[in-house]
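[1] this one's structure only:
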């Protein structure tokens, strides 16, 4: 189980949320509270949007807590929309391409969760990636495969007209079908963030298992979505219900709407 | 274009061939002579057999020339059969799982070459890997995919009865078909070493392109097969002809026999 | 606070103690029990003696728990005398030269402890290193400085006639003086292992503070000295008292003798 | 011999000079032209000033040419004053703290050169660092020691009133004395850049040896100082004479003035 944070709002230094808070993402890399894996020391990553339409990435295989580059970058990088992630690997190699976030064109994605029996289902999930995006498969995680499948489900080409929630729903519905086929009932946990540089989408979903925690906080300055609260004042933070998506579009109030509820899954 | 060395014979310290000779593999990492890429600084690896039936691996993303661990290991590791490889990446990420050699069960493999238009052919090559071996696909190189395809073509199960040359020929013939399909005529270079811990096989082959260089030297102590000679006395070294395989079985003299000659390919 | 293990005895594979036991050093890197730092994720190292008189070293800045090279090496490296160490840094950089063990000539050393107010005392401690050994100062830790000071206190030159306990006592007595000068009373913890490739010495000492834990176990096969027991059966393990040194000379029974008792310090 | 580039002027993306030009610093890491070491693959670093008074740093032990993080950062980091450096180590370890640039407070420094017989002179050079700055000695290079000695020679405290050229001259004159003492005549090469975030100083100096190359180019947008030209049109670039300093103060035209000429050294 990984820990992550996503921010959209006024342009701020990344340190504001990544390194400075009492229970910052860096602290969570050493001792997460609401996670089966207290330790998130299997690499980390930053993804951020600036003046260039495509996001920047900084990913490393060392633990976040001891990376002096990360502290400098969080102090100096300023962004209106950024992701940060600390990893607890669930079987795939500790390499930079396996660290989150993942970037492709204008899109940025990160994930906390897993697909049960990945070794058995991997080929079926990779088959969801269209040929034109397969060269972008530079790592071996389930998360990257799901990201590329989502991009392939309608987000390539026109960024403006794309519907990220619908594309994600199509792919996750297919994953639900895969984990349930032949009566297996494998667990699927999908707590993820997706952005095109303007709008931020954060999903909390699971089947055959409990969903990984997700919280958000909406302030004058912007919205921040997190795996677990960055401070001990829980009243600041709203827990995102299971099977929901947080939609934080530029210039619009934050919305939390149902996402592929289990009842729907059953019906599909 | 990478550089590599393989040894089978009496048990010796790896330094004997990897770090000590005038034009050692380490020197070749900085300045190879018979290669389009003079520089092989994109990671390196050692693979060796000892008392355990499965080989050991040491792979790193840093250049071989500056890795102090490598010098210590080459001095202290002793083996009757080992591989060493310095990498010049041809497009895939610089990660440990993408560094050669690759190990799976008792088998060890390394490669110098490439498959043209890898991005276009990748899925077709990966489809040659049987399901049971697909979890062993931990990197993203063409080389690892070819290795697992070869293992799948008859080397799993009984190591004793396996025919590594026949299995390799089956896979390479299929690759020849793939690079030539639809009239593409993509280049394919395959200069590779394969071992089960007892016997050593080294291939030199290409279609639609010149084959990467390969030499060997047979001494009382053992046989060493290399991308390019380790010293300036060329008389010690025998150049391996195109479309050949060097067979160095335990307790038998070294043989060089034809491997999938182009004429054969055309007929197939 | 780091965790370490040292072994002297029959030649065995390192995995026997480093990776395999229930509470192996690898487990301790993730969750040490008898330490103020439960997490030892700031690099690690192996040092071992083989056929060459000088020891081999493998040190890495990544956490031990995720290093695939470490698992291969522990399976394949066999030694009659080896050290392994997982690091929890106390302020100095996470670099390979700052990882333990440290090697110089035939000597190997590793440490769990610290010198209080290192920034203030560093120059005075470095001044204890003789000029001829100062080029061997390739890192910046207090541990490496203490090691080189010990070597300089009588261990250079004839390995045979050297008295490692006396040399260590001379340097530690000087450190005791330094931490106490001007009435500071800085803490000094020194739980360390030292070897020349034949004999193993393990120290447990502290002033102005509690000493870090140390245990040993003497078996037919050999003696193993550890920061904390490798399994839950405490009856196998003997706790080393404060201000003691474990002496495990080749061919002699293990002895535990007093080392610079505090009463002595006060008198000096 | 390393290669470096320094820029002061309008705020631009770092990629403009670091990764994009025909003979960019990245190209020079693989194949420098005016250097005894064609290869600069022993780590690299970026230092830059932004809104924070202290500079940011990104340093890595991998070669610059294969670091995907570097490409993202050079595209996204924008600065009015930045340094970039690719390293060819001359004996000290390949660690992040040994990579250039070095930062301390508001100051940034990088170096191409060396002090002859560093092992013999190291303690004398380190003795030039004042006690208050010795905790900032986190690596082991001659370059970092010289930087801290320069800071100690008058640049601590008031940044405004500091005279960086005078401080540097004091330290280099002392180094000249050290390399010449006892008739040794050791070589000393010092081609370095220093900045406080507003002004840029670049030195080219040597005794008992040829000075490493240095060029600059002054444009409407700003001034760029380099080890060797970034393109093949040499008419854009002015070679800096031996024993000179390029002074590029904010809001003032670039000046090149003599720095510790050899005649002066002899007289001192």
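    Sure thing, it's come through. Computed from a prediction, not measured in an experiment: that's the story for all the values here.
[2] Kindly report the residues of chain A close to chain B.
    Counting by C-beta under 8 Å from any C-beta of the partner chain, chain A comes close to chain B at A:92-93, A:95-97, A:119, A:122-123, A:131, A:134-135, A:137-140. Every C-beta, even on glycine, is put in place using the N, C-alpha and C of the backbone.
[3] what's the helix or strand for residue A:103?
    Here residue A:103 sits within strand A:102-104, counting by DSSP states H and E.
[4] How about that strand and chain D, touching?
    No: contact of strand A:102-104 with chain D (C-beta under 8 Å from any C-beta) is absent, the minimum separation being 8.5 Å.
[5] again, but for stretch A:15-27
    No: applying C-beta under 8 Å from any C-beta, one finds stretch A:15-27 separated from chain D by no less than 9.5 Å.
[6] so residue A:147 sits in a helix?
    Yes: counting by DSSP: H, G, I helix; E, B strand; the rest coil, residue A:147 is part of a helix.
[7] Where does pLDDT dip in the stretch 151-268 of chain A?
    Under the criterion pLDDT under 70, the flagged ranges of the stretch 151-268 of chain A are A:157-160, A:262-268.
[8] So out of everything in it, what residue is nearest chain B?
    residue A:152 (13.7 Å; C-beta to the nearest C-beta).
[9] Now that we have the residues of chain A next to chain B, which of them are buried?
    The neighbour-count test (16 or more other C-beta atoms under 10 Å in any protein chain shown) marks A:92-93, A:95-97, A:122, A:134, A:137-140 as buried among those.
[10] which one of these sits closest to residue D:215?
    Among those, residue A:96 lies closest to residue D:215 (C-beta to C-beta), at 34.4 Å.
[11] Do I have it right that that closest one meets residue B:98?
    No: counting by C-beta atoms under 8 Å, residue A:96 sits too far from residue B:98 to count as a contact (10.9 Å).
[12] okay, and the common contacts of those two?
    Here residue A:96 and residue B:98 have no joint contacts, going by C-beta atoms under 8 Å, 6 or more residues apart in numbering or on different chains.
[13] if I pick the residue of the stretch 151-268 of chain A closest to chain B, what's in contact with it?
    A:128-130, A:132-133.
[14] If any of those residues are buried, give me the ChimeraX selection for them.
    The following ChimeraX selection, which keeps only the buried ones among these, applies the criterion 16+ other C-beta under 10 Å:
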select /A:128,129,133
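[15] From residue C:59, how far off is residue A:42?
    According to C-beta to C-beta, to the nearest Å, residue A:42 and residue C:59 sit 20 Å apart.
[16] tell me the phi and psi of the spatially closest residue to residue A:68 that is not a sequence neighbour?
    In space, and not counting its chain neighbours, residue A:68 is closest to residue D:96: 7.0 Å by C-beta to C-beta, 6 or more residues apart in numbering or on different chains. When read as degrees, to the nearest 10, the backbone of residue D:96 gives phi -60, psi -40.
[17] How much space separates residue D:96 from residue D:105?
    In this view, residue D:96 and residue D:105 are 19 Å apart by C-beta to C-beta.
[18] residues in contact with the residue nearest to residue A:68?
    Applying C-beta under 8 Å, 6+ apart, the residues near residue D:96 are A:68-69, C:93, C:95, D:43, D:59-61.
[19] what about residue A:23, distance to chain C?
    Going from residue A:23 to chain C by C-beta to the nearest C-beta, to the nearest Å gives 16 Å.
[20] can you give me the helices in the stretch 1-150 of chain A?
    Counting by DSSP state H, counting those that start in this stretch, the stretch 1-150 of chain A has helices at residues A:15-18, A:25-31, A:68-76, A:118-126, A:142-152.
[21] Relative to residue D:216, which of the ones you listed is closest?
    Per C-beta to C-beta, nearest to residue D:216 of those: helix A:68-76, 25.7 Å.
[22] Going by neighbour count, which residues in that closest one are buried?
    A:69-76.
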